[in-house]
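[1] Structural data only, the sequence is not supplied:
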């Protein structure tokens with residue numbers, strides 16, 4: 001009985017190992033890939049998403065665009081966080097595909113409807129414009145949101161940079177340390193400082209890397225910080241004192257902006273209060289009086 005059990009176990013294990021090697025591991029395919037000669041071409045298995053990306057890139061290369069518009073869109077894509085070399089082609093390809101798809105959908109929806117022909121033309125034209133200009137608006141909103149996150153995390157990055165410089169680190173090492181420490185709390189600033197560090201390692205001067213940082217982000221506070229660092233580096237003043245003074249300036253500016261928003265809050269609440277709260281208060285306070293007038297006073301006046 002024991003030998004039969006062991007034999008059945010070995011048989012089942014051998015079948016499972018064979019099926020696993022044939023269906024999942026496939027060592028022969030791996031060995032063929034490794035031992036393939038240089039002249040032989042190994043056809044990779046393409047993922048559907050890669051094929052779709054190639055299609056969008058090809059369509060994007062066919063869309064005509066002015067050099068000035070391409071420069072503006074490249075800067076906007078950079079500020080939105082899209083740094084791929086094919087980002088502009090992907091944007092133009094997405095615009096073409098969305099314009100065609102939304103136009104076809106609009107034609108299908110209005111084909112058998114009783115809408116006025118002029119309204120049909122307007123609906124199709126609006127669908128075409130939405131598909132063509134929608135990706136531009138998405139990139140603009142994405143860039144605006146990213147700039148807001150950079151502006152929000154810049155005071156923390158500046159305070160950490162002051163601590164690093166005052167503890168004895170140089171400016172380059174302080175930037176590397178800030179990028180490392182803030183990669184989870186503020187990944188946008190960490191990414192920008194990391195790119196700046198890579199530019200300096202590639203041979204760019206610190207001033208050029210700082211100017212590229214200001215141009216990539218497009219945030220006014222970052223431009224002010226870059227100007228302070230460039231001036232301190234040019235005239236040989238203390239980097240720590242310059243950073244501390246700029247940190248105090250930014251802290252005061254942030255407090256003043258918060259106080260300004262708080263002062264504007266009362267004016268902004270006028271319209272919600274007038275259109276949303278006052279009608280309900282009017283119904284609650286005046287409604288019972290009107291009901292009693294209609295139920296008691298008007299019949300009394302009629303009977304008189």
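    The structure has been received and is ready for your questions. Quick caveat: nothing in here was measured; it's all calculated off a predicted structure.

[2] Can you tell me which residue sits nearest the middle of this structure?
    Centroid-nearest residue in the chain: residue 142, 4.4 Å away (criterion: Cα atoms, centre = their mean).

[3] Next, count neighbours for residue 79.
    For residue 79, the neighbour count with other Cβ atoms under 10 Å is 21. Where C-beta positions appear, they are placed from N, C-alpha and C, glycine not excepted.

[4] I'd like the distance from it to residue 188, if you could.
    Distance, residue 79 to residue 188, using Cβ to Cβ, to the nearest Å: 11 Å.

[5] any residues in contact with both of those two?
    The contact sets of residue 79 and residue 188 overlap at residue 146 (Cβ atoms under 8 Å, 6 or more residues apart in numbering).

[6] any chance you could map the helices in the stretch 201-304 of the chain?
    206-217, 220-235, 239-268, 270-272, 278-292, 298-303 (DSSP state H, counting those that start in this stretch).

[7] What are the structural domain limits within this protein?
    As given by automatic domain parsing, the domain ranges for the chain are 54-145, 147-259.

[8] Show me the longest helix that occurs in the chain.
    The longest helix of the chain (DSSP state H) is helix 117-166.

[9] any idea which helix or strand comes after that one?
    The element immediately downstream of helix 117-166 (helix or strand, assigned by DSSP states H and E) is helix 171-181.

[10] Can you check what angle separates that next one from helix 117-166?
    When axes from the mean of the first three to the mean of the last three Cα atoms, to 10 degrees is applied, the directions of helix 171-181 and helix 117-166 differ by 120 degrees.

[11] Helix 171-181 to helix 206-217, inter-axis angle?
    In terms of direction (the same axes, to 10 degrees), helix 171-181 departs from helix 206-217 by 30 degrees.

[12] which residues touch helix 171-181?
    With Cβ under 8 Å, 6+ apart as the criterion, helix 171-181 contacts 157, 160-161, 164-165, 169, 189-191, 193-194, 196-197, 200, 206, 229, 233, 239.

[13] Please work out the average pLDDT along stretch 263-280.
    Taken as a whole, stretch 263-280 has an average pLDDT of 87.

[14] hang on, the earlier thing: would you list the helices of the stretch 201-304 of the chain in CSV and tack on distance to residue 104?
    Formatted as CSV, these follow (distance: least, Cβ to Cβ, whole Å):
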stretch, distance to residue 104
helix 206-217, 38
helix 220-235, 43
helix 239-268, 42
helix 270-272, 40
helix 278-292, 44
helix 298-303, 61
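
[15] would you list those helices in TSV and tack on mean neighbour count and distance to residue 91?
    Listed next are the helices of the stretch 201-304 of the chain as TSV, based on neighbours: other Cβ atoms under 10 Å; distance: least, Cβ to Cβ, whole Å:
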stretch	mean neighbour count	distance to residue 91
helix 206-217	18	17
helix 220-235	16	24
helix 239-268	13	33
helix 270-272	9	37
helix 278-292	10	45
helix 298-303	8	67
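
[16] Would you mind listing the outside residues contacting stretch 235-242?
    Outside of stretch 235-242, the residues within contact range by Cβ under 8 Å, 6+ apart are 162, 165, 166, 171, 228, 229, 231, 232, 233.

[17] Report the mean confidence score over that stretch.
    Mean predicted lDDT for stretch 235-242 stands at 87.

[18] again with stretch 138-151
    On average, stretch 138-151 scores 94.

[19] just how off-centre is that stretch within its chain?
    7 Å (Cα atoms, centre = their mean, to the nearest Å).

[20] So which bits of that stretch are buried?
    Residues of stretch 138-151 classed as buried by neighbour count (16 or more other Cβ atoms under 10 Å): 139, 142, 143, 146, 147, 149, 150, 151.

[21] and the two most separated of those residues?
    139 and 151 (18.5 Å; Cβ to Cβ).

[22] Tell me which residues are up against stretch 252-267.
    residue 155.

[23] Just checking the distance from it to the centre of its chain.
    For stretch 252-267, the distance to the chain centre is 27 Å (Cα atoms, centre = their mean).

[24] next one: stretch 131-143
    Stretch 131-143 sits 11 Å away from the centroid of its parent chain (Cα atoms, centre = their mean).

[25] now do stretch 125-139
    18 Å.

[26] got it, and stretch 238-249?
    Put simply, stretch 238-249 sits 31 Å off its chain's centre (Cα atoms, centre = their mean).

[27] Nothing else from me, thank you.
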